[in-house]
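**Q** With the input below, show me the fold.
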Amino acid sequence: MEREEESLSARPALETEGLRFLHVTVGSLLATYGWYIVFSCILLYVVFQKLTTRLRASRQRQLDRAAATVGPDVVVKRQEALAAARMKMQEELNAQVEKHKEKLRQLEEEKRRQKIEMWDSMQEGKSYKGNAKKPQEEDSPGPSTSSVIPKRKSDRKPLRGGGYNPLSGEGGGTCSWRPGRRGPSSGG
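**A** I've put the predicted structure just below:
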């Protein structure tokens, strides 16, 4: 029993001595070569990162080469799918064009009908302005505005020419501001 007690008490002393030895050796190693170890770790990290990017790039190139050597049947399928998609888009575009043409035909027909109505009313001696507005008044019931005749914009004379721009500094005004001369005044 005494031996067991001695071995138990001796064991912690050995462990503490081992830890003390480890602490001294690691501490002296870090004190002597610490900066070298830090810089070498950083260098290893950078080199590892560069190598992994190069390996990834080389793997990607190999995969691209493998994909480039795809069989002709796959290429034909891709081209057929592309042609089908183009045809579908062209059909949709043609349908939109037909709708637009039909809309234009309807507008032309409406204008032609209005001109015919105006001509008929002129032949009967009525005012063509009143007849042209009858369909619009029927569509929108509300207070009558027959007493107010709106002016056409094309009848008005523009106030200034079409090329007038107030920010350009040009344009016909007698008032134009110019900065004074630089430098000292020469009065004598």
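**Q** where's Lys50 relative to Arg181, distance?
**A** For Lys50, the distance to Arg181 equals 66 Å [C-beta to C-beta, to the nearest Å]. Placement of C-beta: from N, CA and C, glycine included.
**Q** Over to Asn94?
**A** Distance, Asn94 to Arg181, by C-beta to C-beta: 69 Å.
**Q** Which helix or which strand is home to Ser28?
**A** helix 2-68 (DSSP states H and E).
**Q** Against which helices or strands is the helix or strand just after that helix packed?
**A** Next helix or strand after helix 2-68 toward the C-terminus (DSSP H and E): helix 72-124. Helix 72-124 sits against helix 128-139, with contacts defined as 3 or more C-beta pairs under 8 Å, 6 or more residues apart in numbering; DSSP states H and E.
**Q** what bits of the protein have low per-residue confidence?
**A** Scanning the chain for pLDDT under 70 picks out the ranges 1-12, 14, 128-154, 158, 160-164, 166, 169-176, 185-188.
**Q** what's the domain layout of it?
**A** 9-70, 72-125 (the TED database).
**Q** What is the neighbour count of Arg86?
**A** Counted with other C-beta atoms under 10 Å, the burial measure for Arg86 works out to 10 neighbours.
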